[in-house]
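Trainee: okay, structure incoming, though there's no sequence with it:
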DNA sequence: CCCATTAATTGGTCCTACCAATCTGCCGCG
DNA sequence: CGCGGCAGATTGGTAGGACCAATTAATGGG
């Protein structure tokens, strides 16, 4: 239990002071010596705590001046946004459609062949196959890369990560994935055809259709779940009622 | 210049040792005392360096045992992607156009009025005005929000952040922003008109035009800079030549 | 009133000593 | 011969004090 080092305890205390509003961003913390006395520890401990806080980006130590509280930086506090599975899919539909349109213009034969292979893998994969999911990801990733725009690739990659980082979204996706094997292959093939034809508009439409079907599947699953949930609620209520009725 | 603290220097040296493969993930670093002697510094400096590395998640210090190299954690190494200003702007053009199209469908009057006010602020702002930049950001942010999709807002917000987080991009944007005041207001007004008319296609086009002009400005600035750079090079060469000619 | 010099403040580094957790190896017991 | 436990060595953890360097505040003279 108490294998925590002293400086970590002090660091937490200092953070608490900051969070309490006593030392707002931009303000200066008390001198090391003062904090050391206040916490009843040596100056080394305070110093180490401040170094740890600086490494995490909460404060900035200026030699001879003091330790200053920094603005909470968005990157350090990478809080995940509150996004539903539908929103995420809609965003992917729009953005990946544009990526596909861009890709259609300039994709080369090597990339097209690679896409073909990914579809093959998905076609031959069994249910709940990790390889299929990886191929799916690689398929979308390859199209994003073919757009020739690193920013677009970055966004699409980020959105894909959200798919697994957001727990509620993850659940919905998993239940959908297992039911759409054949449809998915057909849609991917349609996207590939449009890319082969170097037809941006067709690629955009094909990609949007792919996600539109996905959203529909998700709606079905969600409806199904809502029904089950309702049934469970009713069942529980019934049991409770029966129990109280037999008192 | 050398305002770097000793422990940071030591931390870099230790990181270099790790990266060199001498201490692969899972292995133990040499004892503090040994490292201190090796680097010719006190034990405290080594200790502080290790604390900083631990705070960043590169090593794990175990009391009485030693400091162990951790696996490079994917999430902790949130390296910024390598994206050019043009790519970023192209991505914003595509994505924000779709956001505007969605927003056109369902934006309410209150939001429209707010957009109007942001344009007013931009119109009245002087050059190099922080208020104008903030209004600009809020304008785009409000449209993203009006799309009613948190994932889209998240992406647009992320891309805007990249604008300031990526140094080379930041430079380009800053030099462009100071030259486009009037054009920017007119374009924003056009976007607002399309949103008022609840015309998705028009909103999409207006937003794309806005960014298209921005890209053109950036191209101009980049060209200008390239010319200046070339001139500097020539000037330097000339000086060097003259100097060597007078020897 | 302004500026430069000075003094006080504050972080930076080192050393030395000692404590606590951990690891290692030896020794005795079974 | 093998295993477990004890003791010493190893290693990180903390303290206190001393001194240096950068910064800031105070003070004095122009």
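Mentor: Great, that's in hand. Since we're looking at a predicted model, the values are computed, not measured. Numbers count the residues shown, from 1 in each chain, chains lettered A, B, ... in the order given.
Trainee: show me where chain A has helices.
Mentor: For chain A, the helices defined by DSSP state H cover A:6-19, A:32-39, A:43-56, A:85-106, A:109-124, A:130-146, A:150-165, A:167-177, A:181-196, A:200-245.
Trainee: turn those helices into JSON lines, including mean neighbour count.
Mentor: C-betas here are computed from N, CA, C, even on glycine. Shown next, in JSON lines, are these (neighbours: other C-beta atoms under 10 Å in any protein chain shown):
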{"stretch": "helix A:6-19", "mean neighbour count": "17"}
{"stretch": "helix A:32-39", "mean neighbour count": "15"}
{"stretch": "helix A:43-56", "mean neighbour count": "22"}
{"stretch": "helix A:85-106", "mean neighbour count": "23"}
{"stretch": "helix A:109-124", "mean neighbour count": "15"}
{"stretch": "helix A:130-146", "mean neighbour count": "19"}
{"stretch": "helix A:150-165", "mean neighbour count": "20"}
{"stretch": "helix A:167-177", "mean neighbour count": "16"}
{"stretch": "helix A:181-196", "mean neighbour count": "18"}
{"stretch": "helix A:200-245", "mean neighbour count": "14"}
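Trainee: report the inter-axis angle for the lowest-mean-pLDDT helix or strand in chain A versus helix A:130-146.
Mentor: In chain A, no helix or strand scores lower on mean pLDDT, DSSP states H and E than helix A:167-177, which sits at a mean of 78. Orientation note: helix A:167-177 sits at an angle of 110 degrees relative to helix A:130-146 (axes from the mean of the first three to the mean of the last three C-alpha atoms, to 10 degrees).
Trainee: which neighbouring elements make contact with helix A:167-177?
Mentor: Helix A:167-177 sits against helix A:85-106, helix A:150-165, helix A:200-245, with contacts defined as 3 or more C-beta pairs under 8 Å, 6 or more residues apart in numbering or on different chains; DSSP states H and E.
Trainee: who touches residue A:152 in this structure?
Mentor: Each residue near residue A:152 by C-beta atoms under 8 Å, 6 or more residues apart in numbering or on different chains is listed here: A:95, A:98-99, A:102, A:144, B:87, B:90-91, B:94.
Trainee: do that again at 10 Å, thanks
Mentor: The contact partners of residue A:152, by C-beta atoms under 10 Å, 6 or more residues apart in numbering or on different chains, come to A:95-96, A:98-99, A:102-103, A:143-146, B:83, B:87-88, B:90-91, B:94-95, B:159.
Trainee: same check, this time on residue A:18
Mentor: Neighbours of residue A:18 in contact, by C-beta under 10 Å, 6+ apart: A:24-25, A:27, A:29, A:53, A:58-59, A:69-70, A:72.
Trainee: report the lowest-confidence entry in those residues.
Mentor: Lowest pLDDT of the contacts of residue A:18: residue A:72, 78.
Trainee: quick one: it and residue A:57 touch, right?
Mentor: Yes - applying C-beta atoms under 10 Å as the test, residue A:72 and residue A:57 come out as touching, 8.8 Å apart.
Trainee: list phi and psi for whichever residue of chain A sits closest to DNA strand C.
Mentor: Residue nearest to DNA strand C within chain A: residue A:31 (3.3 Å; C-beta to the nearest atom of the strand). Main-chain torsions, residue A:31, degrees, to the nearest 10: phi -60, psi 150.
Trainee: what's the distance between it and residue A:43?
Mentor: Distance, residue A:31 to residue A:43, by C-beta to C-beta, to the nearest Å: 10 Å.
Trainee: shared neighbours, the two?
Mentor: Contact criterion C-beta under 10 Å, 6+ apart; residues shared by residue A:31 and residue A:43: residue A:37.
Trainee: got a list of what the residue nearest the centre of chain A touches?
Mentor: With the centre of chain A defined as its mean C-alpha position, the nearest residue by C-alpha atoms, centre = their mean is residue A:162, 2.0 Å away. Contacts here follow C-beta under 10 Å, 6+ apart; on that basis residue A:162 touches A:80-81, A:83, A:85, A:87-88, A:91-92, A:169-170, B:151, B:154-155.
Trainee: closest to residue A:130 among these?
Mentor: residue A:170 (14.8 Å; C-beta to C-beta).
Trainee: if I read this right, the closest one contacts residue A:160, doesn't it?
Mentor: No - between residue A:170 and residue A:160 there is no contact under C-beta under 10 Å: 11.7 Å.
Trainee: flag every residue of chain A that's near DNA strand D.
Mentor: Proximity of chain A to DNA strand D (C-beta under 7 Å from any atom of the strand) is limited to residues A:5-7, A:40-45, A:48, A:62-65.
Trainee: can you list the weak-confidence ranges in chain A?
Mentor: Along chain A, segments meeting pLDDT under 70 span A:1-3, A:74-79, A:127-128, A:177-180, A:240-241, A:243-247.
Trainee: residue B:223 is nearest to which of the helices of chain A?
Mentor: Short answer: helix A:150-165, nearest of the helices of chain A by C-beta to C-beta, at 21.4 Å.
Trainee: now the angle from that closest one to helix A:85-106?
Mentor: 150 degrees.
Trainee: residue A:72 and residue A:57 - which one has more neighbours?
Mentor: Ranked by neighbour count (other C-beta atoms under 10 Å in any protein chain shown), residue A:72 and residue A:57 place residue A:57 first, with 16 against 12.
Trainee: for residue A:143, which non-adjacent residue is spatially closest?
Mentor: Distances taken as C-beta to C-beta, 6 or more residues apart in numbering or on different chains place residue A:103 nearest to residue A:143, at 5.0 Å, with adjacent residues excluded.
Trainee: how much space separates residue A:139 from residue A:18?
Mentor: Look at residue A:139 and residue A:18: by C-beta to C-beta, they are 46 Å apart.
Trainee: excluding chain neighbours, give the residue nearest to residue A:169 in space.
Mentor: Leaving aside its sequence neighbours, residue A:169 sits nearest to residue A:85 (C-beta to C-beta, 6+ apart; 4.4 Å).
Trainee: wait, that neighbour sits on residue A:225?
Mentor: No - taking contacts as C-beta under 10 Å, residue A:85 lies outside contact range of residue A:225: 11.5 Å.
Trainee: domains in chain A, by residue range?
Mentor: Domain assignment for chain A by automatic domain parsing gives A:6-69, A:85-241.
Trainee: measure residue A:113 to residue A:131 for me?
Mentor: 19 Å.
Trainee: and the least confident helix or strand of chain A, how far from the chain's centre?
Mentor: Put simply, helix A:167-177 sits 13 Å off its chain's centre (C-alpha atoms, centre = their mean, to the nearest Å).
Trainee: next: stretch A:46-65.
Mentor: The mean C-alpha position of stretch A:46-65 is separated from the chain mean by 30 Å, C-alpha atoms, centre = their mean.
Trainee: that stretch near DNA strand C at all?
Mentor: Yes - contact of stretch A:46-65 with DNA strand C is found when judged by C-beta under 7 Å from any atom of the strand, involving A:47, A:50, A:61-65.
Trainee: separation between residue A:202 and chain B?
Mentor: 17 Å (C-beta to the nearest C-beta, to the nearest Å).
Trainee: name the residues of chain A found near DNA strand C, please.
Mentor: A:3, A:29, A:31-34, A:43-44, A:47, A:50, A:61-67.
Trainee: nearest spatial neighbour of residue A:197, skipping sequence neighbours?
Mentor: residue A:104 (7.7 Å).
Trainee: next, the contact list for that neighbour, please.
Mentor: A:143, A:146-147, A:191, A:194-204, A:206-207.
Trainee: please redo it, this time with the cut-off set to 6 Å
Mentor: Residue A:104 makes contact with A:195, A:198-200, A:203, according to C-beta atoms under 6 Å, 6 or more residues apart in numbering or on different chains.
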